[in-house]
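> I need the structure of the sequence given here:
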Amino acid sequence: MTEEIDVNLQAKNPSGIKLLNRLYDGHLVLNDIGVRLDEQLNNENEELTVPTQEDVNNLDDTFGKMVQTFGDITNAYGNVDTFADNFAGTTKDFAERLITEMADFNNGIADIGDTEGGLENYDNDKLNDWINQVMGDIVATNEEFNTLIKE
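Numbering: from 1, shown residues only. You can find the predicted model right below:
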């Protein structure tokens, strides 16, 4: 069942909303994987199957799309702070949360990719810290979205 939600976004330059939507699309991919992972971690009897190969492919695709989106933001606004300043009120708060979440995600993926041997040789403590950071970012973005839709 699909629920329709009306969201009022406040932007000085409406073209920024398309970029904001692209960031949100990345968030939705992470949120889906995060929810399924959280459910499995909280069920002691369930074997961990997340991330699946499809999830890994989606993460790879999302990383590429976010690199492109951040590049487009930089080209249009100079930097992410100026991009966030394009918005007002709770829209700006939401934009800042999305930027943080997707930047943390991309920085972690890039760090893993820069490690010789990739994920197999990546420090487990750093990986756990990064996963916890991104999971916390997902929750914070969801909370900011809930604030946005209440207006």
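
> what helices or strands is the helix or strand hosting Phe94 leaning on?
Secondary-structure element containing Phe94, defined by DSSP states H and E: helix 89-114. Of the remaining helices and strands, those touching helix 89-114 by 3 or more C-beta pairs under 8 Å, 6 or more residues apart in numbering; DSSP states H and E are helix 15-41, helix 53-77, helix 80-85, helix 124-150. (Each C-beta comes from the backbone N, C-alpha and C, glycine too.)

> could you dump these to TSV with distance to Asp93?
Shown next, in TSV, are these (distance: least, C-beta to C-beta, whole Å):
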stretch	distance to Asp93
helix 15-41	12
helix 53-77	17
helix 80-85	9
helix 124-150	5
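
> looking at these, which is closest to Phe105?
Of all the helices and strands packed on helix 89-114, helix 124-150 sits nearest to Phe105, with 5.4 Å by C-beta to C-beta.

> return the set of buried residues in that closest one.
For helix 124-150, the neighbour count (16 or more other C-beta atoms under 10 Å) marks 130, 133-135, 137-138, 141-142, 144-145, 148 as buried.

> quick one: that helix to helix 89-114, angle?
160 degrees (axes from the mean of the first three to the mean of the last three C-alpha atoms, to 10 degrees).

> distance from the chain centre to helix 124-150, please.
The chain centre lies 8 Å from the centre of helix 124-150; the measure is C-alpha atoms, centre = their mean, to the nearest Å.

> counting by contacts, list what it packs against.
Against helix 124-150 (3+ C-beta pairs under 8 Å, 6+ apart) you get helix 15-41, helix 89-114.

> now it: mean pLDDT?
Across helix 124-150, pLDDT averages out at 95.

> same question, stretch 26-40
94.

> now that stretch: buried residues?
Residues of stretch 26-40 classed as buried by neighbour count (16+ other C-beta under 10 Å): 26-27, 29-31, 33-34, 37.

> hmm, back to that, among the helices and strands packed on helix 89-114, which comes closest to Gly113?
Minimum separation from Gly113 across those (C-beta to C-beta) falls at helix 53-77, 8.7 Å.

> since that was my last question, I'll sign off now.
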